[in-house]
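no FASTA, just this:
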């Protein structure tokens, strides 16, 4: 009997209630077009708004009925952005619960300049920007070794400690080499400028001990991947070169905080954060989400770009398909990716971030139709 896949959906804050339904719509279109059986559980309320609605009895931002065991039983998870300006601890509590509970050590954030999209960079055309930022997701500043000194009601000192381990470094770096080898989640394998499969290690080696340790492990593991070109960049230099010559880059592997920052730069380089999907993965579990935040300033207006979360759920289908050895789900990811490009190329349906006047729903409808038509 064919397997029925279960995907658990969280809603989130701000624009999340507007974009998550569009992801559900595209998932259902993919199910119809590619012939797999999908059960979507939810979307379940989640985040700061939910926490506030129940009177803030605890610092949990998810319903008590949803346990880690329930999430582990699902084939995959996706969520909208969480967090609101008045609730600065809610987003970390919610996200860390899943990232640490499921050991989602790899944060995969593609950046691609797609057809029909104008980059902020002059003279760059579709395909010139096509790289993946691979961010370690469970270490460095995320390790809870921190504190604050207050005396007489005055905050005088705050301390955060960065922790880099061999295990954490080895597994994310190996993931990076494998990603460069496969070309997964990219428009084409290899760097746009020369087609070389290249892995770039980005941090502040030589200045910070943990960064140097990470770089040394990068070189150690690289001996097993002679076919992958290897290079190291200081994070400040990379931030410059990613604007000057983004076509040089293929896959970038880096630590937690660096990856969080440079992937947002990558979102701008590819034309809009509304195009930036991401996947958080371990060897056994994964959840998808847009790279951007909850954008409360435009929430409720129906103008937010849903492509970020649509691409994210497509990446999730690819991950599930690879894990379950089901080519239909991998084909569905490619179909969603093609459908996004087809709609952007036509240029008839665009949200304001892409220079248009279309609504969130109109853009979601257009992509879902292309998926159904296998355009």
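Yep, it's here. Please read all numbers here as calculations on a predicted model, not as lab measurements.

quick one: contacts for residue 71?
Counting by Cβ atoms under 8 Å, 6 or more residues apart in numbering, residue 71 makes contact with 8, 77, 98, 101, 102, 285. (C-beta placed from N, C-alpha, C; glycine too.)

give me that answer again for 10 Å
By Cβ atoms under 10 Å, 6 or more residues apart in numbering, residue 71 lies in contact with 8, 10, 41, 62, 77, 97, 98, 101, 102, 285, 287.

make sure it is indeed in a strand.
No. Going by DSSP: H, G, I helix; E, B strand; the rest coil, the assignment for residue 71 is helix, not a strand.

what about it, distance to residue 103?
12 Å (Cβ to Cβ, to the nearest Å).

got any residues that touch both of the two?
Contacts common to residue 71 and residue 103, judged by Cβ under 10 Å, 6+ apart, are residue 285.

tell me which of the contacts of residue 71 fall in strands.
With strands taken from DSSP state E, the overlap with the contacts of residue 71 comprises 8, 10, 41, 77, 287.

give me the pLDDT for residue 8.
Residue 8 is assigned 95 on the pLDDT scale.

what does residue 141 give?
pLDDT, read off for residue 141, is 87.

what's the first helix or strand after the one helix or strand in the chain whose mean pLDDT sits lowest?
The weakest-scoring helix or strand in the chain, judged by mean pLDDT, DSSP states H and E, is helix 90-101 (a mean of 75). Moving toward the C-terminus from helix 90-101, the next helix or strand (DSSP states H and E) is strand 106-112.

list the strands paired with the helix or strand just after that next one, with their directions.
With elements assigned by DSSP H and E, the helix or strand that comes after strand 106-112 is strand 130-136. Strand 130-136 pairs in its sheet with strand 106-112 (antiparallel), strand 251-254 (parallel), by DSSP bridges.

the longest one: how far from the chain's middle?
Put simply, strand 106-112 sits 5 Å off its chain's centre (Cα atoms, centre = their mean, to the nearest Å).

same question for the shortest one.
Centre-to-centre, strand 251-254 and its host chain are 14 Å apart (Cα atoms, centre = their mean).

list the buried residues of that strand.
When burial is assessed from 16 or more other Cβ atoms under 10 Å, strand 251-254 yields the following buried residues: 251, 252, 253, 254.

so the first one touches residue 181, yeah?
Yes. Look at residue 251 against residue 181 with Cβ atoms under 10 Å: they come within range, at 9.3 Å.

joint contacts of these two?
Joint contacts of residue 251 and residue 181 (Cβ under 10 Å, 6+ apart) are 189, 197, 199, 228.

show me the helices in the stretch 151-300 of the chain, by range?
Ranges of helices within the stretch 151-300 of the chain are 166-182, 209-222, 235-244, 256-269, based on DSSP state H, counting those that start in this stretch.

residue 158 is nearest to which of these?
Closest to residue 158 of these, according to Cβ to Cβ: helix 256-269, at 15.4 Å.
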